[in-house]
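**Student:** Fold the stuff below for me.
(2 chains)
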2 protein chains.
Amino acid sequence: MRAKVRILDVFSGRYSVFINEEEAKKAKLHPDDLVKVESGKKTIYGSLAISNLVGPGEVGVSRDVLQLHSLSEGEVVTLTPVGTPESVRYIKKKMHGEKLRKVEIEAIVRDIVDRKLRDIEISSFVTALEINGLDMDEIAALTIAMAETGDMLDIDRKPIMDVHSIGGVPGNKTNILVVPIVAAAGLTIPKTSSRAITSAAGTADVVEVFTNVSFSLDEIKRIVEKVGACLVWGGALNLAPADDITIKAERALSVDPRGLMLASIMSKKYAMGSQYVLIDIPTGKGVKVETMDEARALARDFIELGKRLGQYVEVAITYGGQPIGHTVGPALEAREALSALMTGKGPGSLIEKALGLAGILLEMGGVAPAGMGKKMAREILESGKAYEKMKEIIEEQGGDPNIKPEDIQIGDKTYTFTAPTSGYVTGIDNRAITGIARAAGAPEDKGAGLELYVKVGEKVKEGDPLFTIHAESEARLDQAIVFARRTEPIKIEGMVLQRIGNI
Amino acid sequence: MRAKVRILDVFSGRYSVFINEEEAKKAKLHPDDLVKVESGKKTIYGSLAISNLVGPGEVGVSRDVLQLHSLSEGEVVTLTPVGTPESVRYIKKKMHGEKLRKVEIEAIVRDIVDRKLRDIEISSFVTALEINGLDMDEIAALTIAMAETGDMLDIDRKPIMDVHSIGGVPGNKTNILVVPIVAAAGLTIPKTSSRAITSAAGTADVVEVFTNVSFSLDEIKRIVEKVGACLVWGGALNLAPADDITIKAERALSVDPRGLMLASIMSKKYAMGSQYVLIDIPTGKGVKVETMDEARALARDFIELGKRLGQYVEVAITYGGQPIGHTVGPALEAREALSALMTGKGPGSLIEKALGLAGILLEMGGVAPAGMGKKMAREILESGKAYEKMKEIIEEQGGDPNIKPEDIQIGDKTYTFTAPTSGYVTGIDNRAITGIARAAGAPEDKGAGLELYVKVGEKVKEGDPLFTIHAESEARLDQAIVFARRTEPIKIEGMVLQRIGNI
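**Tutor:** Numbers count the residues shown, from 1 in each chain, chains lettered A, B, ... in the order given. The predicted model follows:
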């Protein structure tokens, strides 16, 4: 049918297309049928909703559609029902344990991005991957298909470096130091980061405290070609958009199929044109990867996948058993990172990790001889060159390059927990720390989070401060205190944890 | 939040719950979040949509909700976000190949019926079942859980018989003969049927031509307690409602996991209180079950499942390689079935199959000695007792018991295909026959369908009529003719199909 577009003020979480009850009856269409809306060169797939909010001759579209497509009120479109997409056959093939061909994977990814596949089909694909897996040929095809169905960056500089941390460690502002160090050495590093999903602060949330992070790909190209680096939010870009769609099913099912996880990370690096990629795998209790064996297996997969993509990948397995540095939460972490860049000093867990990662990148990029990368990284940090580069990045991204750590506002509603007993800190619970910071309002309330005064292995006396919660409102502070009381994030005991006799 | 209900004129194919943009922001809620709407004892789970079609202090609900729940305009409700349901963990267990416990299966089914699980989770469950399967313990638990989460019939008569045909054969009006024969012998048979989904006419569509088929469970109880039988539409009842929900994912993925299929059929028999169940498995080219081996394996599963449910199950494997009888389409089939009941005569494929099935039921129910069921069924049919019983059923269900086959209106736009050559009919393509009848307008246009003049093995001369298409409009007739020309549903060849020499 031909009809005029009406934009309906609805966000439904999917592309919803509304038609009138009478017309639905005539056309034998039912709620949730897959339909195609065409206008000129635009084709949009959506789920039908039937409603007399639109009259005869009208096609309503939910605002979800407008985030990617430009449809305007009154525009003439044709609406037609669509049968089962061909790619459903390939999903079935994977269900039945068969290996998928490159063109089949491309069809699935294309249909995901085009919204021809919806929750049911995408969830089935994710589930089939969780059960039957993908081999490296399939993962490489998936990665490239995910990249190529989105926008891609083409920067006229070489080599292009990248660094990515597998999430999970609270307070991980490391890459905010790594990027300016690497760029100060003359390498190019267009770093995109995510916002917090389940954590208290993603790198993008932290950087946003002192400069803008939302740019178009063209703007990023300009920034990076000028200063050699950026620290931007990847979510504002149309990089590997299939990933943003499949993640909904993965989250609902709390699964993260290996092949999809690898493709999700590497497709974004591929789309950014990265040639040398360092993957940081924090390993330890309460993060994604808990054991060294798992970390090593994952490392091999990243390296192998990199080869298929024509990328040189190295992996750093780092300690993720407790928070990095002393702060958790966007503004608190921004302060800590900025201060470390300015003074070259800070908590060992932050400085040493950042220098370690930056050093590997300097060696990978060929600006430091083998084994000399970390030393060179330290010189760049301590000489203030990294800080100068950071000021350039901040300025190019529209922030005030002269911002000082103390200019950054942090939550002024505070509460400090003290040691209930003397002894050694035997453990800091990553999940509890994240939970407290989120209860205090992070990441939405930038000033919310917590400051840690102790780390694992340190000795404390009864009454010593352990950590201070910061919040922007009393209500959130109270919530965080309740959460902290319940979870007891810092464990203190006598040093003897377990004594085993002759067995 | 507390708010007043507003019924929104939207059918979205899911339970949609709308709140205002401002309130969504305050409550940190996002499109498609799972939310709970509570009012007194009612609890409804739905997917959040954000829209300024509702104001502050209002909660909009889509009309989908009203099909099962009574919410009224202005009613005060509370809306709260809901985390991941516990049953998602059990779906994951099945993904990982583990056997599910009874309570876990019950939790999944309960959450499906409560709409706490949505497309993503249900599709994942269906996919995990397709890949990892269910054993008989799990299938039995699933069957009972599906029955017990819906309404159940409690008829004060014994024994209760039932018959079910696995779909796929066009023209299968057999059970319209079986039910009155069995009831005329004094047995109780509360038969529920489905409407056509992909076929040209479900039993319920055919029966509806001469009497009503939509009743409440209480009305069915009254009808069956009075006349010993009914022929009603199961879809109007709340029998095993989880099945109606999971079928959406099964259809989109075109999968039909064995365990779910068995549970879907048997849960409805269980809910109807059936104690003796005959399963008819039509087998042949172009139906669900194509080989005898498959049919036998399926038969064993039905019998075994019946044992776990405390039901006595027998299976009849019948020939499904061509249409049953000479008609396809609701009104045409209703004519043929009624005429067979009135005269005791009709196409062999219809009469013999009906008597065979009825005979088995008479023996199962203990009213015919072993081996004598079919003979007794024939006597009941030929004596007119089955027709008398049918008149009682028609009357109790609100139809005219004196209706004659010729009173039934059939599509008056017709076109007859003739034999293009002389020879033997070597095959009739079930799928093509169904396709033609549907192209002609069946099942919505009751008078649409086709009449077959020949069956496999018959000899025809060039120019002999093969079949007549009936439609209610010229447009649909033309569509059906085009479809028939393309598919050539009846194959005529010399009798020698293949000659094989000494190998």
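**Student:** quick one: the residue lying closest to A:N430 once chain neighbours are set aside from chain B, how far?
**Tutor:** Spatial nearest neighbour of A:N430, excluding adjacent residues (Cβ to Cβ, 6 or more residues apart in numbering or on different chains): A:G286 at 3.4 Å. All C-beta atoms are positioned from the backbone trio N, CA, C, and that covers glycine. Computed as Cβ to the nearest Cβ, to the nearest Å, the A:G286 to chain B distance reads 19 Å.
**Student:** Neighbours of A:G286, how many?
**Tutor:** 20 (other Cβ atoms under 10 Å in any protein chain shown).
**Student:** Contacts for the strand ranked longest in chain A, please.
**Tutor:** Secondary structure of chain A per DSSP state E: the longest strand is strand A:42-51. Applying Cβ atoms under 8 Å, 6 or more residues apart in numbering or on different chains, the contact partners of strand A:42-51 are A:12, A:14-21, A:24, A:29-38, A:60-62, A:65, A:69-71, A:82, A:114-116, A:118, B:8-13.
**Student:** tell me the contacts of the residue nearest to A:N430?
**Tutor:** A:G168, A:G320, A:G321, A:D429, A:N430, A:R431.
**Student:** Report the inter-axis angle for the longest strand of chain A versus strand B:42-51.
**Tutor:** 140 degrees (axes from the mean of the first three to the mean of the last three Cα atoms, to 10 degrees).
**Student:** I'd assumed A:D280 was in a strand, is it?
**Tutor:** Yes. With DSSP: H, G, I helix; E, B strand; the rest coil as the criterion, A:D280 is located in a strand.
**Student:** For beta bridges, what are the partners of it?
**Tutor:** Bridge pairing for A:D280 (DSSP bridges) gives the partners A:S165, A:A316.
**Student:** contacting residues for it?
**Tutor:** Applying Cβ under 8 Å, 6+ apart to A:D280 gives the contacts A:V163, A:H164, A:S165, A:I166, A:T174, A:V315, A:A316, A:T318, A:L357.
**Student:** so the fourth one makes contact with A:G284?
**Tutor:** No. With contact defined as Cβ atoms under 8 Å, A:I166 does not reach A:G284; the gap is 11.9 Å.
**Student:** Comparing those two, which residue is more hemmed in?
**Tutor:** A:I166 (21 against 18).
**Student:** about what we covered before: in its sheet, what does the longest strand of chain A sit against?
**Tutor:** Assessed with DSSP bridges, strand A:42-51 is paired to strand A:16-19 (parallel), strand A:34-39 (antiparallel), strand B:10-11 (antiparallel).
**Student:** Closest residue of the stretch 351-500 of chain A to chain B?
**Tutor:** A:E444 (7.4 Å; Cβ to the nearest Cβ).
**Student:** What about that residue, how many residues nearby?
**Tutor:** A:E444: 13 surrounding residues under other Cβ under 10 Å.
**Student:** For it, which non-adjacent residue is spatially closest?
**Tutor:** Per Cβ to Cβ, 6+ apart, closest to A:E444 is B:K28, 7.4 Å.
**Student:** Tell me which residues touch the closest residue to A:E462 other than its chain neighbours, please.
**Tutor:** Excluding the flanking residues, the one nearest A:E462 by Cβ to Cβ, 6+ apart is A:S422, at 4.8 Å. With contacts defined as Cβ under 8 Å, 6+ apart, A:S422 is in contact with A:K459, A:V460, A:K461, A:E462, A:I492.
**Student:** From these, keep the buried residues only.
**Tutor:** By neighbour count, with 16 or more other Cβ atoms under 10 Å in any protein chain shown, the contacts of A:S422 hold A:V460, A:I492 as buried.
**Student:** domain ranges for chain A?
**Tutor:** Using the TED database, the domain ranges for chain A come out as A:2-81, A:86-133, A:161-236+A:274-397, A:413-493.
**Student:** of all the ones you listed, which lies closest to B:I105?
**Tutor:** domain A:86-133 (17.5 Å; Cβ to Cβ).
**Student:** If you count neighbours, what's buried in stretch A:298-313?
**Tutor:** A:L298, A:A299, A:D301, A:F302, A:I303, A:L305, A:G306, A:L309, A:Q311, A:Y312, A:V313.
**Student:** quick one on the thing from earlier: which two of the contacts of A:D280 have the greatest separation?
**Tutor:** Farthest pair in these (Cβ to Cβ) is A:T174 and A:V315. Separation: 14.9 Å.
**Student:** Among these two, which residue is more densely surrounded?
**Tutor:** A:T174 (29 against 21).
**Student:** got the contact list for that one?
**Tutor:** Contact analysis of A:T174 by Cβ under 8 Å, 6+ apart lists A:S165, A:D280, A:I324, A:L350, A:K353, A:A354, A:L357.
**Student:** Report the separation between it and A:P405.
**Tutor:** 17 Å (Cβ to Cβ, to the nearest Å).
**Student:** now swap in A:E294 and tell me
**Tutor:** 36 Å.
**Student:** next one: A:D33
**Tutor:** Counting by Cβ to Cβ, the gap from A:D33 to A:P405 is 56 Å.
**Student:** what helix or strand does A:D293 sit in?
**Tutor:** In this structure, A:D293 sits in helix A:292-309 according to DSSP states H and E.
**Student:** Now for chain A, the helix or strand with the poorest mean pLDDT.
**Tutor:** Lowest by mean pLDDT, DSSP states H and E among the helices and strands of chain A is strand A:490-493, with a mean of 88.
**Student:** helices and strands around that one, which ones?
**Tutor:** When contacts are defined as 3 or more Cβ pairs under 8 Å, 6 or more residues apart in numbering or on different chains; DSSP states H and E, strand A:490-493 packs onto strand A:423-428.
**Student:** Listing partners with orientation, what would you give for the strand it packs on?
**Tutor:** Going by DSSP bridges, the partners of strand A:423-428 are strand A:459-460 (antiparallel), strand A:490-493 (antiparallel).
**Student:** In CSV: those strands, plus distance to B:I481.
**Tutor:** What follows is those, written out as CSV (distance: least, Cβ to Cβ, whole Å):
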stretch, distance to B:I481
strand A:459-460, 89
strand A:490-493, 80
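**Student:** Name the residues of the stretch 301-450 of chain A found near chain B, please.
**Tutor:** A:E444 (Cβ under 8 Å from any Cβ of the partner chain).
**Student:** And the domains of chain A: which comes nearest B:A439?
**Tutor:** Short answer: domain A:2-81, nearest of those by Cβ to Cβ, at 12.8 Å.
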